[in-house]
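Chemist: Structure, please.
(2 chains)
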Amino acid sequence: MENLKNNLYPIISDFIPNITSIKSLQRLSGGSSNESWKVTVSTKESDQDIVFRRTPDGNIKDEESNNFVGVINEANIMDLAYQYDVPVPKILKVIDNKDIGKGFFMEFINGETLGNRIVNSELFNSTRPKLASRCGEIIARIHNIPVSKINNIRTSDANGEITRYEEAYRNHGQQIPVFEYALSWLKDNVPKEVPLKLVHGDFRNGNLIISKKDYVSAVLDWEIFHIGDPYEDLSWICVNSWRFNKIDLPVGGFGNREDMYQSYEEESGEKVDRNRAKFWEILGTLKWGIMCLNMIEIYRSGYDKSVDRVSIGRRSSETEIDLIRKLIVQK
Amino acid sequence: MRSEPSIYEILDAIANFLEDIKVLVSVNLNQYILLLKSENPPEISSLEEIVDIIDNNLIPLLEGHNRFFAFVSKNSLKICIREVKLIDNYEKLEKERLNKILNTDGDVKKLNKDLCERIKNKKIDLKDNSLKQHLIKTTMAKLSIDQPKYSGYLKALDDNYPKD
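Modeler: Okay, here's the model as predicted:
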C-alpha cells in the first residue's frame, strides 16, 4: 500500500497542486473487475477525500471479456453522463500509468451504498418513498444521452442479451429445467423493437449512493454500460435479488413501479409499456441466475479462488424460485 | 438435482481461507483444514464444530475483508450441512417424479438432461401438470438447502407451494 501511495502522490499533485501528503488509503467494496480506493489527501488548508478506481495489473480477464467496457471507457461515460445532469461523481483525472495501471480519480460523494441498510435503516424512513421516482427521472436522463456521442461500445438488444446469456449457461453445462423453460419462454415472447439507447446495464440498489439530501446522490459502476433496450434499466432494479428481502417493494426494495414509471414518463416524454417491462424483469432474473453460475466458472478458472466468489454460485437457485413465481405459477 | 458448486468445492474454498488467516489467529486451524480438504463425505458434527470455531474464535478477531469471508464461510458451511442432511431423500423423490414424467430410467443427471432437451424442443410443456408440480417441488427443495431465508422462497412457503 505504501508503494501505491508513493506512486499516486505525483499524479494527484497534477490536479491538487497544494497537496502536502496522502493521509490514508482505504479499499472500498464494489465493482467486480476494478478496485476502488478512498484517498484522503492533506493540503495546508484541510483534508480532502477523493476516490481512485483502477484495473490492477494482470486483471485483464474481465476487461477482455465483452461484458466490461474497461476503466477508461467507464471514466469517459461518467464524464458524459455528468454533462447530461445524471448524478455521478465528477471525474478529476484519467490515467494510463505503467506502475499502477489504468484508472481514474473522481470526487468522493458521501452517502449509503449498502442495499440492506438502504431498505432497512430508520435514517432513510423519509427518504425511501422518494427514491423510486428519483430513479425514474435519472434513468430517463441516462437514456437521453445521444447514442451518437458514444463510440466502439457493444450493442445488445433483447435477442442479443438472450443469446449471450444462453451461451454462458450452455458453457457452464449445468442442466436446470427452470432456466430451460425461461429461455424458451423469453425467445417466444421477445417484444417488438424500440429505438435503442445508452443503458447503464447495472442500474440497481447497491450501485446507487443514497443520501437524505439528494435521495440519489450518484449512480456508480458503469462498467457494463452499452447500447441497448431502455427497458433493461427500468427492469433490472426490480429483479427480486436487488430488493434485499423487501419483496413487496419492487423498485430496489424501497419503492413502487408506478412511481418510477411516472417520473420516467415525465422526464423522457415516452410512455412506459408495462408488459415490456415485465418481459425484461424475467430476462433480468434469468440473467442474474446465469451470472451466479458464471461466478463458479471464474472460481474454477483460478482467477479468483475466494470463498465469496464460489459461494455466490448457490444464489443461482434464488432466481429459480423467482422465475417459478413469475412464469410458472402465474400462468 | 444438486446445485453447483458442489459441497466439496465450497469446503475446499473454506479450507483455503482458513489457510490464509491461520497466522492471524491464536486457534490452531490445521486439523480443520485437513478435515475440510478430505475427500470423504463430511460428518455433520465436524462441520458444525467448524461453524462454532468460526463464530466464537475467528469472527471476533478478524476485520475488513477477512471478517466478511469468515461470515461467508460460516453461511456456506451451513449450506453444506443442510445438503448432507437432506439431499439423498430429495434426489430419491426427484428421480421418482422424473421417471414418471419422462417414462425413462437413468441417474438424476441424465434424467435432468433429458427433461431440459424436451423443454427446449417443446416436446413437453406446462400443460402437463406433473411437470409444473415437479419444477416447483424440485426448486423448493433446492431453496431449502441453498437459501432458506430468501424472500421469494418465504413467499412461496406462505403461498403453500407444493414441496417434498
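Chemist: Helix or strand for residue 4, just tell me which one.
Modeler: Went with chain A since none was named. helix A:2-15 (DSSP states H and E).
Chemist: Mind giving me the packing neighbours of that helix?
Modeler: Secondary-structure packing of helix A:2-15 (3 or more C-beta pairs under 8 Å, 6 or more residues apart in numbering or on different chains; DSSP states H and E): strand A:19-28, strand A:35-43, strand A:91-97, strand A:101-107. Where you see a C-beta, it was placed from the backbone N, CA and C, and this is true even at glycine.
Chemist: mind running it again at 6 Å?
Modeler: Counting contacts by 3 or more C-beta pairs under 6 Å, 6 or more residues apart in numbering or on different chains; DSSP states H and E, helix A:2-15 packs against strand A:19-28.
Chemist: can you state the direction angle for the strand it packs on and helix A:2-15?
Modeler: 120 degrees (axes from the mean of the first three to the mean of the last three C-alpha atoms, to 10 degrees).
Chemist: report the angle between the axes of strand A:19-28 and strand A:35-43?
Modeler: For strand A:19-28 against strand A:35-43, the angle between stretch directions is 150 degrees (the same axes, to 10 degrees).
Chemist: coming back round to it: how about the helix holding A:Leu4, which residues are buried there?
Modeler: By neighbour count on 16 or more other C-beta atoms under 10 Å in any protein chain shown, the buried set for helix A:2-15 is A:4-5, A:8, A:11-12.
Chemist: try stretch A:256-270
Modeler: Buried positions in stretch A:256-270, judged by neighbour count with 16+ other C-beta under 10 Å: A:257, A:259-264, A:267-268.
Chemist: How about stretch A:111-128?
Modeler: Across stretch A:111-128, burial judged by 16+ other C-beta under 10 Å covers A:111-113, A:115, A:118-119, A:124, A:127-128.
Chemist: Mind checking which of those land in helices?
Modeler: A:115, A:118-119, A:128 (DSSP state H).
Chemist: Just put the residues you listed in CSV and tack on pLDDT and distance to chain B.
Modeler: Shown next, in CSV, are those (pLDDT from 0 to 100; distance: C-beta to the nearest C-beta, whole Å):
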residue, pLDDT, distance to chain B
A:Gly115, 96, 13
A:Ile118, 98, 16
A:Val119, 98, 11
A:Arg128, 98, 17
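Chemist: need the contact list for B:Gln31.
Modeler: Applying C-beta atoms under 6 Å, 6 or more residues apart in numbering or on different chains to B:Gln31 gives no contacts.
Chemist: quick one: pLDDT of it?
Modeler: B:Gln31 is assigned a pLDDT of 95 by the prediction.
Chemist: Distance check, it against chain A.
Modeler: Between B:Gln31 and chain A the computed distance is 19 Å (C-beta to the nearest C-beta, to the nearest Å).
Chemist: which SS class is that residue?
Modeler: Judged by DSSP: H, G, I helix; E, B strand; the rest coil, the three-state class of B:Gln31 is helix.
Chemist: secondary structure element for the residue nearest the centre of chain A?
Modeler: Centroid-nearest residue in chain A, with C-alpha atoms, centre = their mean: A:Asp202, separated by 3.0 Å. A:Asp202 is part of no helix or strand when elements are defined by DSSP H and E.
Chemist: There's contact between it and A:Asp221 in this structure, I believe.
Modeler: Yes: under the criterion of C-beta atoms under 6 Å, A:Asp202 makes contact with A:Asp221 at 5.4 Å.
Chemist: And stretch A:276-293, how far out from the chain middle?
Modeler: Centre-to-centre, stretch A:276-293 and its host chain are 14 Å apart (C-alpha atoms, centre = their mean, to the nearest Å).
Chemist: hmm, back to that, TSV please, covering the buried residues of stretch A:111-128 and showing distance to B:Ile79.
Modeler: Shown next, in TSV, are the buried residues of stretch A:111-128 (distance: C-beta to C-beta, whole Å):
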residue	distance to B:Ile79
A:Gly111	33
A:Glu112	29
A:Thr113	27
A:Gly115	21
A:Ile118	26
A:Val119	24
A:Phe124	31
A:Thr127	34
A:Arg128	31
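Chemist: got the residues of chain B near chain A?
Modeler: Contact residues, chain B versus chain A (C-beta under 6 Å from any C-beta of the partner chain): B:3-5, B:9, B:13-14, B:17, B:69, B:72-73, B:76, B:79, B:112-113, B:115-116, B:119-120, B:135-136, B:139, B:142-143, B:146-147, B:150-153, B:155-156.
Chemist: Mind checking which of the residues you listed are in helices?
Modeler: If you go by DSSP H, the residues of chain B next to chain A have B:9, B:13-14, B:17, B:69, B:72-73, B:76, B:79, B:112-113, B:115-116, B:119-120, B:135-136, B:139, B:142-143, B:146, B:151-153, B:155-156 in helices.
Chemist: And the buried ones among the residues you listed, selectable in ChimeraX?
Modeler: Applying 16+ other C-beta under 10 Å to those, the buried members can be selected in ChimeraX as follows:
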select /B:9,13,14,17,69,72,73,76,79,112,115,116,119,135,136,139,142,143,146,151,152,153,155,156
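Chemist: so where do the strands sit in the stretch 151-300 of chain A?
Modeler: A:155-156, A:197-199, A:208-211, A:215-219, A:226-228 (DSSP state E, counting those that start in this stretch).
Chemist: contacting residues around A:Glu74?
Modeler: A:Glu74 neighbours (C-beta under 6 Å, 6+ apart): A:222-223.
Chemist: tell me which element it is part of?
Modeler: helix A:71-83.
Chemist: Buried residues of that helix, list them for me.
Modeler: In terms of neighbour count (16+ other C-beta under 10 Å), helix A:71-83 has its buried residues at A:71-78, A:80-82.
Chemist: Count the neighbours of A:Pro17 for me.
Modeler: Using other C-beta atoms under 10 Å in any protein chain shown, A:Pro17 has 8 neighbouring residues.
Chemist: How is it assigned, secondary-structure-wise?
Modeler: Assigned with three-state DSSP, A:Pro17 falls in the coil class.
Chemist: quick one: least confident helix or strand in chain A?
Modeler: Lowest by mean pLDDT, DSSP states H and E among the helices and strands of chain A is helix A:61-64, with a mean of 44.
Chemist: Around chain B, pick out the residues from chain A.
Modeler: A:174-175, A:177-178, A:180-181, A:240, A:245, A:247, A:296, A:307-308, A:310-311, A:313-314, A:317-318, A:320-322, A:324.
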